[in-house]
Structure formats: C-alpha cells, structure tokens
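S.K.: Let me see the structure of the following:
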Amino acid sequence: MIAFLAAQREAFVATHDEVMMMIDRHAIFSMGIGYTDAHLLASVLLDPRATLWTRDKRLRAAAEKAGALLYDSANAQN
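M.R.: Have a look, this model is predicted:
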C-alpha cells in the first residue's frame with residue numbers, strides 16, 4: 001500500500017497568501033465555507049489536472065464560482 005501511495009503524484013498545497021487571494025479574487029468570502037475548505041479549493045485551483053470530489057453543497061457552489069473542476073459521479077464509469 002505504501003508503494004502505491006508513493007507512486008502517486010504529489011498534490012499542490014496552497015500557501016496562506018494564495019488562499020486569501022483566491023477568496024478575494026473569486027468573492028467566496030460569504031459563501032459559508034471555512035478556511036479548511038477554502039484551502040482545499042485553492043490547492044485544487046493551483047493544479048489544472050486536479051478535480052474536486054465533494055458532496056458539500058456550499059463547497060461545490062464556491063468551487064463552481066471559482067471555476068474549479070468538479071467530479072461528477074453521474075458521468076463516472078464503474
């Protein structure tokens with residue numbers, strides 16, 4: 001299992017300044033998400049290959065507003 005995880009590509013991690021800039025740039029400061037969700041969203045936006053998987057309605061709305069790629073389970077292959 002460790003070898004499998006080690007073979008995965010490393011995720012981008014947004015800095016505090018990048019998170020704050022993303023909150024301001026996309027005006028998501030009053031959408032009901034916390035700093036942890038905002039940090040996750042900023043990190044997703046840094047990597048054009050990243051897709052956000054969430055069932056949280058507020059995080060999904062903020063991600064759509066910011067233009068993040070969202071996983072759509074309706075179109076997923078089993």
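
S.K.: give me the low-pLDDT residue ranges for the protein?
M.R.: Where the chain drops to pLDDT under 70, the residues are 74-78.

S.K.: Taking the centroid of it, which residue is nearest it?
M.R.: residue 41 (2.9 Å; CA atoms, centre = their mean).

S.K.: Helix, strand or coil: sort out that one for me.
M.R.: Assigned with DSSP: H, G, I helix; E, B strand; the rest coil, residue 41 falls in the helix class.

S.K.: And for the residue nearest to residue 43 when sequence neighbours are not counted, the neighbour number?
M.R.: With CB to CB, 6 or more residues apart in numbering as the criterion, residue 43 has its nearest non-adjacent residue at 4.5 Å, and that residue is residue 14. Yep, even glycine has a C-beta here, placed from its N, CA and C like the rest. Residue 14 has 20 neighbouring residues, counting by other CB atoms under 10 Å.

S.K.: got the phi/psi numbers for residue 14?
M.R.: As for residue 14, its main-chain torsions (degrees, to the nearest 10) stand at phi -70, psi 140.

S.K.: Please tell me how far the residue nearest to the centre of the chain sits from residue 73.
M.R.: Counting by CB to CB, to the nearest Å, the gap from residue 41 to residue 73 is 19 Å.

S.K.: before we move on, what about residue 28?
M.R.: 23 Å.

S.K.: higher neighbour count, these two?
M.R.: Per other CB under 10 Å, whichever of residue 28 and residue 73 has more neighbours is residue 28, with 22 against 8.
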